[in-house]
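Asker: Mind folding the following:
(one chain, ligands or ions: 2)
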Amino acid sequence: MRRRPDEIAKMRRAGIVVAEMHEATRAAARPGVTTAQLDATAREVLRRRGARSNFLGYHGFPAVICTSPNEVIVHGIPGEYRLEEGDILSIDCGAIVEGYHADAAFTMPIGEVSDEALRLIEVTERSLWAGIAQMRDGNRLHEIGRAVQQVAEAAGFSVVREYVGHAIGTAMHEQPQVPNYWPGNPGPTLRSGMVFAVEPMVNAGGPETKVLEDNWSVVTADGRLSAHLEHTIAVTDDGPEVLTVP
Ligand code: MG
Ligand code: MG
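Answerer: Ligands and ions are numbered 1, 2, ... in the order given. Coordinates of the predicted model:
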């Protein structure tokens, strides 16, 4: 769907709130802090900004952020887990302003981490920007995933298949989906006004996933590290515009 400029302006405002949630939780995340405390930090930003959460209550999800440490790929539930030196942590969250959604995630090191962990985060970030660079009017949607996959696999990592990015607007998850791999066809043509959440999930080991008994936390089947980054981006006449920035 192509969004009008006034719709994209509201998504940009939601995106600023998400960027502030990122900034606040990134500043608070350190060894000894629980993931529940980070959720409280993010709730405070939403309250101060008068924005609503699109995560809280989503299919019963109990928090405004997902906190996914180490082998957790996505959808980790904030709770009593205490961050430790050497962890990596993905924080994913969103906001709704005047009915319009934004959604973004980052992965950060907690204190000193392994060289592999740092490289995984760096490669995942590079894969995200390679995908974003494909978001031009007239290009095809699945060039995004092809670019993400190329960067991740060239570094010796793998991309998750079961969870993907998505169009976003008046709902968080709209059609079409945005895979992080080449699905075998180029997909729809991108047009100015389309808005997508692009979100590579890159695993240090194999791409296989499983879901824990909490029915939310998605982990790597081999127990190795995973990183997740995401932005909400509009296709414009001047190229991609990232909306989830301050
Ligand atoms: Mg997200
Ligand atoms: Mg998303």
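
Asker: Spell out which residues of this structure are next to ligand 1.
Answerer: For the chain, the residues in contact with ligand 1 (C-beta under 5 Å from the ion) are 92, 103, 105, 230. The C-beta positions use only the backbone N, C-alpha and C, and glycine is treated the same way.

Asker: hmm, try it at 6 Å
Answerer: Within the chain, the positions lying close to ligand 1 (C-beta under 6 Å from the ion) are 92, 103, 105, 199, 230.

Asker: of all those, which comes closest to ligand 2?
Answerer: Checking these against ligand 2 with C-beta to the ion, the nearest one is residue 103 at 4.2 Å.

Asker: can you give me how far the helix or strand where that closest one lies is from the chain middle?
Answerer: Counting by DSSP states H and E, the element that carries residue 103 is strand 100-109. Its chain's C-alpha centre and that of strand 100-109 lie 5 Å apart, by C-alpha atoms, centre = their mean, to the nearest Å.

Asker: Need the residues that contact the helix or strand following it.
Answerer: Later in the chain than strand 100-109, the nearest helix or strand by DSSP H and E is helix 115-132. For helix 115-132, the external contacting residues (C-beta atoms under 8 Å, 6 or more residues apart in numbering) are 86, 88, 107-109, 144-145, 147-152, 155, 157, 159, 180, 198-202, 204, 225-231, 233, 240, 242.

Asker: Need the buried ones from those selected in PyMOL.
Answerer: Filtering the contacts of helix 115-132 down to the buried ones (16 or more other C-beta atoms under 10 Å) takes a single PyMOL command:
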select buried, resi 88+107+108+109+144+145+147+148+149+150+151+152+155+157+159+180+198+199+200+201+202+204+225+226+227+228+229+230+231+233+240+242
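
Asker: In strands, which of the contacts of helix 115-132 appear?
Answerer: Assignment to strands by DSSP state E places the following of these there: 88, 107-109, 159, 198, 201-202, 226-228, 231, 233, 240, 242.

Asker: overlap between the residues you listed and the residues near ligand 2?
Answerer: Subset of the ones in strands among the contacts of helix 115-132 in contact with ligand 2: empty, counting by C-beta under 6 Å from the ion.

Asker: Looking at the residues you listed, which is nearest ligand 2?
Answerer: Set against ligand 2, the nearest of the ones in strands among the contacts of helix 115-132 by C-beta to the ion is residue 198 (8.6 Å).

Asker: sorry, back to before: what would the residues of the chain next to ligand 1 look like in TSV with pLDDT and distance to residue 80?
Answerer: Formatted as TSV, the residues of the chain next to ligand 1 follow (pLDDT from 0 to 100; distance: C-beta to C-beta, whole Å):
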residue	pLDDT	distance to residue 80
92	98	19
103	98	26
105	99	22
199	98	27
230	98	26
